[in-house]
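[1] next comes the sequence, and after it the predicted model I'd like to discuss.
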Amino acid sequence: MADFLLEIGTEEIPDWMILPALENLRAKFQFAFGAFGGSALVVDATPRRLVLLAKDLVEQAPDTQTLVQGPYLSAGPKAAEGFARKQGVTVAHLAKASDAKGERYVFHQLVKGRALADALSDGLPAVILGIHFPKSMYWTGKGGPRFIRPVRWIVAVLDDRVIPFEIAGVKSGNLARGHRILGSKEPPDVTAANYFQVLQQNYVMVRADERQTRIESGLGADVQRDDNLLRTLVYLTEYPSTIRGRFDPLYLELPQEILSTVMRHHQRYFSVRKPDGSLAPEFVAVTNTDGDPDGLICRGNERVLRARFNDARFFWTVDQQKPLSARVPDLAKVTFQAKLGTYRDKTERIRKLAAALARQLEADASVVDRAALLCKCDLTTDMVKEFTELQGVVGGLYAHVQGEGEAVATAIYDHYRPVNMEDAIPRTLEGQIVSTADKLDTLRESFRIGLIPTGTRDPFALRRAAQGVVKILFEARLNLELMPLISDEPELVPFMRERIEFYLRDVLGFFYDEVAAVMAPPMTSLADLADRAEAIRYVRPTEDFEPLAASFKRIKNILKQAGIERAPAPNPDLIAAGPENALYDAWRCVGAETRESKSYREKLASIASIRPQVDLFFDKILVNDPNPAIRENRLALLYSLLTEFSTIADFSEIVTKGSTQI
Amino acid sequence: MDSFQDTIFKLKRYWADRGVVIQEPYDLEVGAGTMAPETFLRVLGPKPYNVAYVQPSRRPADGRYGENPNRLYKHQQLQVILKPTPDDVLDQYLMSLEAIGINLRKHDIKFEEDNWEAPTLGAWGIGWQVMLDGLEITQFTYFQQCGGIDLDLVPAEITYGLERIAAFLQNVDSVYDIEWAPGVKYAAVRLADEEQFSVYNFELADVEMLWREFELHERECQRLMELFRATKDRARFPVLPAYDQALKCSNLFNLLDARGAISVTERAGIINRVRKLAVGVAQAWMEQQSPGDEVAA
């Protein structure tokens, strides 16, 4: 048994590519060297090294046998001799096996297991260069190997023995490298056993979780938690330390959104909060050092932040010289999409759509229209040109100080939301309307000119826009029918339905068949859709429901076989006394009940109560009566039953016990 | 404390000691050191070349009338090209910081992903912005393509932002407070530049004239490229003057852009026109350097 350690030494790898690369390395190593067993396969990384440790590998893979197929006996002795000679044996050593075509010679060939060291030496270059990166480079010259960044050294040791190979002129060895600045100048030699310890002595914390713990221990309770930033910093450092800097409280006059964006996105600093939740004039930066004893690093970072805040203040002041309302004409110079005109055009479309939505939803039409008119104007401001991620937010902040009123400002501020599934929807009805109108416009126009996402290709983030609309409509429970808004674009309808189904399943947690059942009737508002799905979920455990669903499936099949696509109301004169009449009465009675009852739960409960009559009907009555008039009437009864009770959901979609339909 | 010019001297000395040719700035308006032919054309082809020069870089849209302490219409870059890239290039770079008085043991240095792309040059590379105590001081790029051509040898381009480094070393908040030479501030040397060119670029530049000029230089470059295709005597053909015409167009584009004369819709089209010139010249240069080898377009 031996432990194998691999360190691929590179120049700094982009932080976000490291984890996928490690998983890729693990899988490729496992695939290439799985024959050697092993008790644990660990991967970890810093910006400058991808590390793999495989423990307790067997040093000699076991011998295996492969079966070599030879000629059929019928091919004669010459063929058999030839085959045996090729295997290096005589015919006496061959075995026989039978298959469909007869008896043939076979040879059990012994395959010697490879020595681990040889296999590693041969196989590692392909494993390493096979690691997938989203963007790779060449550095030794045209046609040279590609990797994420230049490979500068490689450690490959089996316990303490070097596994020799070469990549891009770099020979593997047992010399690791420490931290660029803090590590020893002489590359330290390592073994699989002491690697982590030696690296630690050279100021490299190889394990990401240890770096994370070290950073977290320096954050303090008043620091705004930010897991994405934390992960980035873990993979930007080899020996992280934290410093806490301050900035002039005067900058707190700038909106907190702008301050924290500067800190987070541009400087990778954590924000600090006062006990009341507002921003404190402090920040925490993570360095790649063992500390900052003279406070030099802290002062440097403070100076940089000051310059950034000055810029922001400069943009703020300059932008105020031209209010949003005066910027509307400037939108004619900002392209929305080459074929779809400018943001000025888009603004007009948003206004029109938003006005229609406002009417339907009884929102404040003047607020909606003002917000729609101004919502894209911040695209022409210096602040948004500098901090693009603040589009919308900046518009909202400016609208606020420019006296547009709170309702308009909030609607503008929120109108990009939700930016993803985790993000909240706009806070106000007016904001929800402007956001929905903006996104629906993008979807409708893009589909109109054929920009339709395919597979993973979705350059205009249309899925996200669609998901945003769906999320708003569900969560805000807007009483709005979506289909009339999108039905002009035939391909947009299935696209939106997919997002709706996704939301019902993955966010609201309904089962696949429940979703299919409520999606079958003509679409109402999404809030109504959710209510119907919820009602199904509620009545589903009751004893009558699933059997009734099975019966509905049966009715559907009977009608299908009979070729019935529509039918008149059943004629009571043709209804026979007994089970048929019982079902007829129940249908009428339940029909009346469902029309009166208020909630979907009640409606479904009363529909489910019809089950005994349905069962009895199928038990005792032959639909295919020899008398065609009676037969037609029975089909009409079933048809009425099915259509009338399927407006809430198509029960035949419900997967019942013992059913194989998915 | 070193003055601005001392820092520049030291950096040049440092690279000169490593066998790098110290060039003077290119004498046309450029947006970045990359555009000087010493970089743009020299990185092409199989001949090794190491060069460094300070390049005053004009970015009309970045002008702030001399009012912003960090933004300049024209800033100074020290551009270093190492072709091919030595294996220890990052160590050499870090030592150059030590050479200008930055004690790395006391500061925080990080290499953060920043891939460089210049659409008007058909050029891109992979690299980092180098962060010193949270300040971007250098853009480091491994060129992969230039003028749309895959590079035979991969050069490293190190672009030092000299004002930022000097402000850092001198511990001042505004570039205008940097001491350029003993007793002479940056403002005394350059403030008038910033004020006047901001006024011109944003307010007074004659848009129509700039368009005419753009077209004249474009046509001249195209004419030369057509002649190049037709001529047999390519060895002495003026490819370098053709490149000057492309550079003129690039600067005029930047001026028009700052003047607000280019709508976003037109933008991509104009960038493409400049790119065509640069790519054409790059291909001609390659053919001139290695006669007989036609370069695939």
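    Noted; the coordinates are in hand. Numbering: from 1, shown residues only, chains lettered A, B, ... in the order given.
[2] quick check: longest helix of chain A.
    The single longest helix within chain A, with elements called by DSSP state H, is helix A:296-320.
[3] got the contact list for A:Ile630?
    A:574, A:576 (Cβ atoms under 8 Å, 6 or more residues apart in numbering or on different chains). The way it works is simple: take the backbone N, C-alpha and C, and place the C-beta from them, glycine included.
[4] one more time with 7 Å
    Going by Cβ atoms under 7 Å, 6 or more residues apart in numbering or on different chains, A:Ile630 touches A:Leu574.
[5] give me the phi and psi angles of the residue nearest to A:Thr140 when sequence neighbours are not counted.
    Using Cβ to Cβ, 6 or more residues apart in numbering or on different chains and skipping residues adjacent in sequence, the residue nearest A:Thr140 is A:Ala168, 5.3 Å away. Per-residue torsions, A:Ala168: phi 50, psi 40 (degrees, to the nearest 10).
[6] and the gap between A:Ala168 and A:Lys28?
    Separation of A:Ala168 from A:Lys28 (Cβ to Cβ, to the nearest Å): 18 Å.
[7] show me what contacts the residue lying closest to B:Tyr65 once chain neighbours are set aside?
    Nearest non-adjacent residue to B:Tyr65, counting by Cβ to Cβ, 6+ apart: B:Ser198, 4.2 Å away. Going by Cβ under 7 Å, 6+ apart, B:Ser198 touches B:63-66, B:73.
[8] so the residue nearest the centre of chain A is in which element?
    Closest residue to the average C-alpha location of chain A: A:Met421 at 9.1 Å, with Cα atoms, centre = their mean. Secondary structure from DSSP states H and E places A:Met421 outside every helix and strand.
[9] remind me which helix or strand the closest residue to it other than its chain neighbours belongs to.
    Of all residues not flanking A:Met421 in the chain, A:Gln467 sits nearest, at 6.5 Å (Cβ to Cβ, 6+ apart). Element membership for A:Gln467 (DSSP H and E) is helix A:462-475.
[10] quick one: contacts of that helix?
    A:418, A:420-421, A:425, A:432, A:435-436, A:439-440, A:442-443, A:446, A:453, A:480, A:482, A:495-496, A:499-500, A:503, A:526-527, A:530.
[11] the residue nearest to B:Tyr65 in helix, strand or coil?
    Assigned by DSSP: H, G, I helix; E, B strand; the rest coil, the conformation of B:Ser198 is helix.
[12] could you measure from it over to B:Arg59?
    11 Å.
[13] what about the helices in the stretch 351-500 of chain A?
    Here the stretch 351-500 of chain A has its helices, by DSSP state H, counting those that start in this stretch, at A:365-374, A:382-386, A:393-401, A:406-414, A:429-448, A:462-475, A:483-486, A:492-502.
[14] what's the domain layout of chain B?
    B:4-201, B:206-289 (automatic domain parsing).
[15] and those as a markdown table, adding mean pLDDT?
    What follows is those, written out as a markdown table (pLDDT from 0 to 100):
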| stretch | mean pLDDT |
| --- | --- |
| domain B:4-201 | 95 |
| domain B:206-289 | 92 |
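[16] let's have those domains in JSON lines, adding distance to A:Tyr413.
    Putting the domains of chain B into JSON lines (distance: least, Cβ to Cβ, whole Å) gives the following:
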{"stretch": "domain B:4-201", "distance to A:Tyr413": "27"}
{"stretch": "domain B:206-289", "distance to A:Tyr413": "24"}
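[17] most tightly surrounded among these?
    Of all the domains of chain B, domain B:4-201 has the most neighbours on average by mean count of other Cβ atoms under 10 Å in any protein chain shown, namely a mean of 19.
[18] from the chain's centre, how far out does that domain sit?
    Distance of domain B:4-201 from the chain centroid (Cα atoms, centre = their mean, to the nearest Å) equals 8 Å.
[19] cool, and stretch A:24-31?
    In terms of Cα atoms, centre = their mean, the centre of stretch A:24-31 is found 24 Å from the chain centre.
[20] for it, which outside residues touch it?
    Contacts of stretch A:24-31 (Cβ under 7 Å, 6+ apart): A:41, A:43, A:50, A:52, A:54, A:127, A:130-132.
[21] mind listing which of the residues you listed are in helices?
    If you go by DSSP H, the contacts of stretch A:24-31 have A:Val127 in helices.
[22] farthest-apart pair in the contacts of stretch A:24-31, please.
    A:Ala54 and A:His132 (20.2 Å; Cβ to Cβ).
[23] neighbour count: those two, which is higher?
    A:Ala54 (26 against 13; other Cβ atoms under 10 Å in any protein chain shown).
[24] got a pLDDT number for the more buried one?
    On pLDDT, A:Ala54 comes in at 97.
[25] please consider this matter closed, and thank you.
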